[in-house]
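The following comprises the amino acid sequence and a computationally predicted model.
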Amino acid sequence: MKTNGLVIWGVLLTGLMCHASAGLASTSFRFLELQSGAREMSMGNAGTAAGSSLSGTYLNPAILGQLWQQEVCLRHTSWIQETDVQYAGYVYPTMKHGVFSMGVLNLSYGQIPGYDASGFKTSSLEAKDTAVDAAYGRKFWTCFWGGIRVKHATEKLAHATAKAQALDIGFLYRVPFDWGNSSPQIGLSFRNWGNQPQFVREKQDLPQETALGLAVQPFYKSFTLDLDLVLPKNSDMGFRAGVEYRARDTAFFRAGYDSRQEDGNGFSFGLGIKAWDVEMNYAYTGFSDLGDAHHVGLVFRFGSLAEKYYERGMMNLRREDYPRAMVEFGKAVSLDPGLRKALRRLQETNRLLQKEHKDIEIP
């Protein structure tokens, strides 16, 4: 498995270096860079190698394969210059066929004053950007996940409209040994690859970028460090770094830095609160003359996949099919280590299976 992983990442890194040599050009549809959530924003948008909800999959769609609950994700951003961003998305994990998601992003610029050729003020102009997407992710091998996302985006200013289709592809690899307090994860994603949209007469590139990330827990399991190397198609290489501290898995404190932030000093801060299956996140970015940006996100989780595996384990346990019951309880525990009833049933089934084997051996 180690050899396979090294070969895979050798191929992917070759693609990463080839992308670094791309030429520079003007870029449109920059609002596609705002698809990540409040958690990621507060960590400098670092998160190619780790994520805990749908919003993190916009940095790497392979993360979708690690989600095991149905999820509704909502976000509102009060952006600079009276610009607002709204997002809604949904995650649906299956037991055998991977994880599916869909999302809608809307960016409104408010009312823009209109002027005629003589400079006299006319009626206000409407300007807004919209993107809809669908994504799929799954686990392919013991330590390897992959994912893909397709997007349809529209930019509108008064009567002029531009449309674009884009593709995200991501990979995630969990190193099969511990470093610090857990196994590190390595992520690679190719974001916003697609056609050149035309607005009026001019064609421009999408905000394509390739990112290589590392996620580790170097000191203890409640502290996570994310590091990303970012290679945009139309600008210089940069890096992003983010840290998160979890207090009893209830309160989250985050900070980050993005070297590519064009406005401001690149720093961001945020926090999160989790109660049962509801999580609220907040991020602050700004530190510029244009103003500050406040990001608020809500995540509602339900329909645990771990619970489904637990129920299947109970069904097999009642049938006295102990080997299959152990497999189902084991899957439930691997998805949700905090599901204590599944762990107790796993231990109970193991004892029953051992007893059954002893009874068979006695003549």
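On my side now, so go ahead. Residues are numbered from 1 along each chain as shown.

can you list the weak-confidence ranges in the stretch 51-200 of the chain?
Regions of the stretch 51-200 of the chain meeting the criterion pLDDT under 70 cover residues 80-81, 110-124, 180-181, 199-200.

The helix or strand hosting Cys73: how far from the chain's middle?
In this assignment (DSSP states H and E), Cys73 forms part of strand 69-78. Centroid separation for strand 69-78 versus its chain: 12 Å, with C-alpha atoms, centre = their mean, to the nearest Å.

What of stretch 159-176?
11 Å.

which residues sit in contact with the nearest residue to Asp277 once chain neighbours are set aside?
Excluding the flanking residues, the one nearest Asp277 by C-beta to C-beta, 6 or more residues apart in numbering is Arg301, at 4.0 Å. Heads up, the C-betas are built off the backbone N, CA and C, glycines and all. Contacts for Arg301 (C-beta atoms under 8 Å, 6 or more residues apart in numbering) come out as Gln69, Gln70, Glu71, Asp277, Val278, Glu279.

would you turn the residues you listed into TSV with distance to Val296 and neighbour count?
Below are the contacts of Arg301 laid out as TSV (distance: C-beta to C-beta, whole Å; neighbours: other C-beta atoms under 10 Å):
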residue	distance to Val296	neighbour count
Gln69	21	21
Gln70	22	17
Glu71	17	23
Asp277	18	14
Val278	14	12
Glu279	12	22
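
number of nearby residues for the residue nearest to Gly286 when sequence neighbours are not counted?
Nearest residue to Gly286 in three dimensions, chain neighbours excluded: Asp292, at 3.2 Å (C-beta to C-beta, 6+ apart). Other residues near Asp292 come to 13 when the count uses other C-beta atoms under 10 Å.

Over to Trp145?
Residues contacting Trp145 under the criterion other C-beta under 10 Å number 25.

Same question for Val333.
Val333 has 20 neighbours, counted by other C-beta under 10 Å.

Does it touch Arg340 like I think?
No: the criterion here is C-beta atoms under 8 Å, and Val333 misses it with Arg340 at 9.3 Å.

which parts of the strand ranked longest in the chain are buried?
Longest strand in the chain by number of residues (criterion: DSSP state E): strand 121-141. Going by neighbour count (16 or more other C-beta atoms under 10 Å), the buried part of strand 121-141 is Leu125, Ala127, Lys128, Asp129, Thr130, Ala131, Asp133, Ala135, Tyr136, Gly137, Arg138, Lys139.
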